[in-house]
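> need the 3D shape of this:
(3 chains)
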Amino acid sequence: MSFEQFLNMGGYGWYVWPSYALTALVLLINCLSPMLQRKQLLRQLALKQKRGQR
Amino acid sequence: MSLTTAFFAIIRRDLLLAFRRRAELANPLLFFVMVVTLFPLAVGAQPNLLQAMAPGVIWVAALLAALLSLDNLFRSDFEDGSLEQLLLSPHSLSILVLGKILAHWLVTGLPLLLVAPLLALFLGLPQAAMGTLWLTLILATPMLSLIGAIGVALTVGLRRGGMILSLLVLPLYIPVLIFASNAVDRAASGLPVTAQLNILLAMLILALVLVPLPTSAALKMSVN
Amino acid sequence: MSWIPTPISRFFHRTSSPPHFYALANRWLPWLTALFLLLLGAGLYGGLYLAPADYQQGDSYRIIYVHVPAAWMSLFIYVLMAVMGAIALVWRMKLAEVMLISSAPIGAGFTFIALVTGSLWGKPMWGTWWVWDARLTSELILLFLYLGVISLYGAIEDKKAAAKAVSILALVGVVNIPIIHYSVEWWNTLHQGPTVTKIDKPSIHVSMLVPLLLMALAFKVYYLIAVLQAAKLELVRREASSQWVKNLLETKL
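Now for the predicted structure:
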């Protein structure tokens, strides 16, 4: 099976690949957004603590 | 004061308060009629179309009217502090809450029975379906008040709880809508509706038993 | 909780203390991520490459490998949320509240995936993007239930009260889910149009079933990863002024 055939999915490529892309996107957002938010929150808290110490 | 006395005292008090504000009493009814009036104007006045849509339209309008009236259930009591007194009373909160829900239904659910014939006439619902429409209203509108009570109890502490209330409550209304409108639909075609009515009755009993518990828990949460 | 043996209750007590849980999550996350990638790789390889095309649906059926596991997860997570809600209400365990709140967006995400991929699968099979099919309709209502939980938690400012409200709502929702599900199913049999659902087939070949189960497992592990990440954020947010978060900041600086 060639790569083009694989992408074409027997003519259903336009339905199959968006499904997988959307799934990947939602899963990534749900995992990465709390990570990034926590990093930001920790940075803010650290800044506040530094100011408090001075 | 015994529990039964307290139960009926609450119902009497709520009914009395409702009758003092008679103008507000008519609002859900008016809303019910107006929503139904909008449909012929929007989809056209072909009798066949209206007749086919009648059970669904009437029931969707009843759902919306119930939703609109829900806020009265605990809102004013929450604002003037009498809800707090209710929570402090030595009686079982679940029973007292049930009394409040019953009073709410008597004021907002039961009057829908009065205008139902008018709406059936507007939409050309067959005469044969009228009895079933009444029966479904009797069986299903209490459920709207009961299920709605949970939503109101959860959102009564919020300043703008209206939108969230509809988001919480409408999905839970779906089974009621399905069985009630289907019963009326079948009655209009002259088919038996015992199964639908039995299911509505079973759901009503289930709601009567289960609803007071989360409602009182949510009220305690909202007042604190 | 006298009926629970002391070592076990001590274990739960310790694990449920926020700093301990935070450290535990950090220790588990790399392993879970590795396991997830392994299962995902195997599932995708089996589903997209090894499994043959369906004799009726061609290659379009391959959407099943994301659609069905996502639909399973959407229901599973809601039930799990209700369990957490019950634990939070009965034993006042704060960690259960945190897990409940952290699960809601993940569950809503899976519900959304199940809806959109169902629609993308429906287009070539039914010829339209949306059919009032019993399962798609139930999934849509489930999405509303998730959004209700999320927006109720967001609307109540006192987060302690909000957690309690959401616990109650999750329990009410889980009692209603079977009722809603069966009434929608019953409604669907009444109003079924001329289209025939081709999606559910009772028998499925092993070469198609194994990747499906692998993907389902991968999604379960993904849920653990995502919920731990969200719970870590929620814990730091809630306990920003506590000593353990301060210690955490010092080790980072």
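> and what about residue B:159, helix, strand or coil?
Taking DSSP: H, G, I helix; E, B strand; the rest coil as the rule, one finds residue B:159 in the coil state.
> quick one: the helices in chain C?
Counting by DSSP state H, chain C has helices at residues C:6-15, C:18-44, C:64-91, C:94-126, C:134-155, C:159-190, C:206-238, C:243-252.
> anything in the fifth one near chain B?
Spelled out, it's helix C:134-155. Yes. Interface with chain B: helix C:134-155 contributes C:141, C:144, C:145, C:147, C:148, C:151, C:152, C:155 (C-beta under 8 Å from any C-beta of the partner chain). (Each C-beta comes from the backbone N, C-alpha and C, glycine too.)
> how about that helix: buried residues?
Residues C:134-150, C:152-153, C:155 are the ones in helix C:134-155 that count as buried (16 or more other C-beta atoms under 10 Å in any protein chain shown).
> which elements pack onto that helix?
Identification of packing neighbours for helix C:134-155 by 3 or more C-beta pairs under 8 Å, 6 or more residues apart in numbering or on different chains; DSSP states H and E yields helix B:130-155, helix B:162-188, helix C:64-91, helix C:94-126, helix C:159-190.
> as a markdown table, those helices with mean neighbour count and mean pLDDT would be great.
Converted to a markdown table, the helices and strands packed on helix C:134-155 look like this (neighbours: other C-beta atoms under 10 Å in any protein chain shown; pLDDT from 0 to 100):
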| stretch | mean neighbour count | mean pLDDT |
| --- | --- | --- |
| helix B:130-155 | 24 | 93 |
| helix B:162-188 | 22 | 91 |
| helix C:64-91 | 21 | 93 |
| helix C:94-126 | 23 | 92 |
| helix C:159-190 | 19 | 89 |
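> need those helices in TSV with distance to residue B:98, can you?
Written out in TSV, the entries for those read as follows (distance: least, C-beta to C-beta, whole Å):
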stretch	distance to residue B:98
helix B:130-155	9
helix B:162-188	18
helix C:64-91	21
helix C:94-126	28
helix C:159-190	16
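> ok, which of these comes nearest residue B:21?
Distances from residue B:21 to each of the helices and strands packed on helix C:134-155 were compared using C-beta to C-beta; the shortest belongs to helix B:130-155, at 17.9 Å.
> give me the most central residue, chain A.
Nearest residue to the geometric centre of chain A (C-alpha atoms, centre = their mean): residue A:28, 2.7 Å.
> name the element that residue belongs to?
helix A:13-53 (DSSP states H and E).
> packing partners of that helix?
Using 3+ C-beta pairs under 8 Å, 6+ apart as the contact criterion, the elements in contact with helix A:13-53 are helix C:64-91, helix C:94-126, helix C:206-238, helix C:243-252.
> of all these, which one is nearest residue B:111?
Among the helices and strands packed on helix A:13-53, the nearest to residue B:111 by C-beta to C-beta is helix C:64-91 (36.0 Å).
> so how far is the closest one off the chain centroid?
Centre-to-centre, helix C:64-91 and its host chain are 5 Å apart (C-alpha atoms, centre = their mean, to the nearest Å).
> repeat for stretch C:215-233
Between the centre of stretch C:215-233 and the centre of its chain there are 8 Å (C-alpha atoms, centre = their mean).
> quick check: mean pLDDT of that stretch?
Within the predicted structure, the mean pLDDT of stretch C:215-233 is 95.
> near chain A at all, that stretch?
Yes. When contact is scored as C-beta under 8 Å from any C-beta, part of stretch C:215-233 falls within range of chain A: C:222, C:225, C:226, C:229, C:230, C:232, C:233.
> quick one, what contacts the closest residue in space to the fifth one that isn't next to it in sequence?
Counting by C-beta to C-beta, 6 or more residues apart in numbering or on different chains, residue C:230 lies nearest to residue C:102, which is 3.5 Å off, once chain neighbours are set aside. Each residue near residue C:102 by C-beta atoms under 8 Å, 6 or more residues apart in numbering or on different chains is listed here: A:34, C:227, C:230, C:231, C:233, C:234.
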